[in-house]
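Engineer: Turn this into a structure:
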Amino acid sequence: MLFSKIRLQHNRFTATQNKIVQYLQAHAQEALTLPINEFAAKCGVGEATVIRFYRLLGYKNYAMFRVALAKELAAETDIQPIYEEVQAHDGLTDIIRKVADSTTQGISDLKQQLSAEALATIEQQLRQAAVVHVIGLGASGVVAQDARQKFMRLGCRVIGYSDSHLMMIAASIARPDEVFFAISHSGETTDILRTLALAQKRGCFTCALTSSIDSGITQLVDAYLLSCTCETKMRSDAMISRIVQLVVIDILYVMMALQIGEPAIAGVNQSRTALRQYRNQSD
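Structural biologist: Residues are numbered from 1 along each chain as shown. Predicted coordinates for the structure are as follows:
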């Protein structure tokens, strides 16, 4: 749980706070026995930096931070790296391992990030909406299109947008029984925020999937889901986040399918049959 929080907050740490992360990475067992002044000295930072660090992670005091560290060490027989950089001199085997491990860790961290309450709220709104507008730009647009085709298979009326003009037009004429679901890695894309604001003025429910907890989009929407990942020098967090976001879409898809029941299964089977027949005719 502690290392998961550190991974999720990694991009928000200052240079001095990253010294604490590096020390924990290499000396977690030793850190467990140190009072705060010695811990700060080992990290090469001041006590005030340590205090800001554990408060950023959600711990009220140093004792709670050490308890969390103890639980982490007790639960893990093989401590996973907080984050591991791909280096310029790495061989192919190391690159495969580090990229695969960082992606796996990003997916694993979802268990700590995803709010069951937010998932339930968003799933219900998507399922009951007259129209679902899924919006996303750039790499997030790829995830939005995946959500579009999955929800469509369940019988939902879904429209996907990767053009900022079209999504704003849709929001400006939307009805209150429509839902706008935004995919935004940064949570700060201006056109996405403008579209959501327009939709809210029309009385629509708005929700988002983002990698940034303290972003404009989390402050704006009615509900949001987090898929935070760590950025490294050789691989941007947007790359990992796209994969993790696809997993979140799958979770929503399964939740909706279970709630819809037999009609959902029938819709999925009908779409499979139609695509199979099309492929056969194309051959």
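Engineer: how near is Val179 to Phe205?
Structural biologist: 5 Å (C-beta to C-beta, to the nearest Å). Where you see a C-beta, it was placed from the backbone N, CA and C, and this is true even at glycine.
Engineer: Give the residues shared as contacts by the two.
Structural biologist: With contacts taken as C-beta atoms under 8 Å, 6 or more residues apart in numbering, Val179 and Phe205 have Gln125, Ala129 as neighbours in common.
Engineer: Render the CA-only coordinates of whatever helix or strand Leu198 lives in in PDB, please.
Structural biologist: Leu198 is located in helix 190-201, with elements delineated by DSSP states H and E. Only the C-alpha atoms of helix 190-201 are listed here, as PDB (Å, rounded to 0.1, in the frame of the first residue of the first chain):
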ATOM      1  CA  THR A 190      -8.600  22.700 -22.500                       C
ATOM      2  CA  ASP A 191     -11.000  21.400 -25.100                       C
ATOM      3  CA  ILE A 192     -12.000  18.500 -22.900                       C
ATOM      4  CA  LEU A 193     -12.700  20.800 -19.900                       C
ATOM      5  CA  ARG A 194     -14.700  23.200 -22.100                       C
ATOM      6  CA  THR A 195     -16.800  20.400 -23.400                       C
ATOM      7  CA  LEU A 196     -17.600  19.100 -19.900                       C
ATOM      8  CA  ALA A 197     -18.400  22.500 -18.700                       C
ATOM      9  CA  LEU A 198     -20.900  23.000 -21.600                       C
ATOM     10  CA  ALA A 199     -22.400  19.600 -20.900                       C
ATOM     11  CA  GLN A 200     -22.900  20.500 -17.200                       C
ATOM     12  CA  LYS A 201     -24.700  23.700 -18.200                       C
END
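Engineer: Distance from it to the middle of the chain?
Structural biologist: 20 Å (C-alpha atoms, centre = their mean, to the nearest Å).
Engineer: buried stuff in the longest helix belonging to the chain?
Structural biologist: If you go by DSSP state H, the chain has its longest helix at helix 237-260. By 16 or more other C-beta atoms under 10 Å, the buried positions in helix 237-260 come out as 237-242, 244-246, 248-249, 252-253, 255-257, 260.
Engineer: That helix - contacts with which helices or strands?
Structural biologist: In terms of contacts (3 or more C-beta pairs under 8 Å, 6 or more residues apart in numbering; DSSP states H and E), helix 237-260 is packed against helix 92-113, helix 116-128, helix 139-153, strand 205-210, helix 262-282.
Engineer: Can you tell me which of these has the worst average pLDDT?
Structural biologist: Mean pLDDT is lowest for helix 262-282 out of these, coming in at a mean of 73.
Engineer: how long is stretch 153-173 end to end?
Structural biologist: One end of stretch 153-173 to the other measures 25 Å (C-alpha to C-alpha, to the nearest Å).
Engineer: hmm, who's touching it?
Structural biologist: With contact meaning C-beta under 8 Å, 6+ apart, stretch 153-173 is reached by 126-127, 129-137, 141, 144-145, 147-148, 151-152, 180, 191-192, 194-196, 198-199, 202, 204, 253, 256-257, 260, 263-264, 267-268, 271.
Engineer: Buried subset of the residues you listed as a PyMOL selection?
Structural biologist: To isolate the buried members of the contacts of stretch 153-173 in PyMOL, using 16+ other C-beta under 10 Å:
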select buried, resi 126+127+129+131+132+133+134+135+136+137+141+144+145+147+148+151+152+180+192+195+196+198+199+204+253+256+257+260+264+267+268
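Engineer: Now do the same contact list for Phe181.
Structural biologist: So Phe181 contacts Ile122, Leu126, Val132, His133, Val134, Ile135, Ala147, Thr206, Cys207, Ala208, Leu209 (C-beta under 8 Å, 6+ apart).
Engineer: so what's the backbone phi/psi at it?
Structural biologist: Dihedral angles of Phe181 (phi, psi; degrees, to the nearest 10) stand at phi -110, psi 110.
Engineer: measure it to His89 for me?
Structural biologist: Computed with C-beta to C-beta, the distance linking Phe181 and His89 is 43 Å.
Engineer: One more: Arg157?
Structural biologist: With distances taken as C-beta to C-beta, Arg157 is found 52 Å from His89.
Engineer: Worst mean pLDDT across the helices and strands of this structure, which element?
Structural biologist: helix 262-282 (a mean of 73; mean pLDDT, DSSP states H and E).
Engineer: So what's the gap between stretch 117-131 and the chain middle?
Structural biologist: 18 Å.
Engineer: How is this protein partitioned into domains?
Structural biologist: 2-82, 113-277 (automatic domain parsing).
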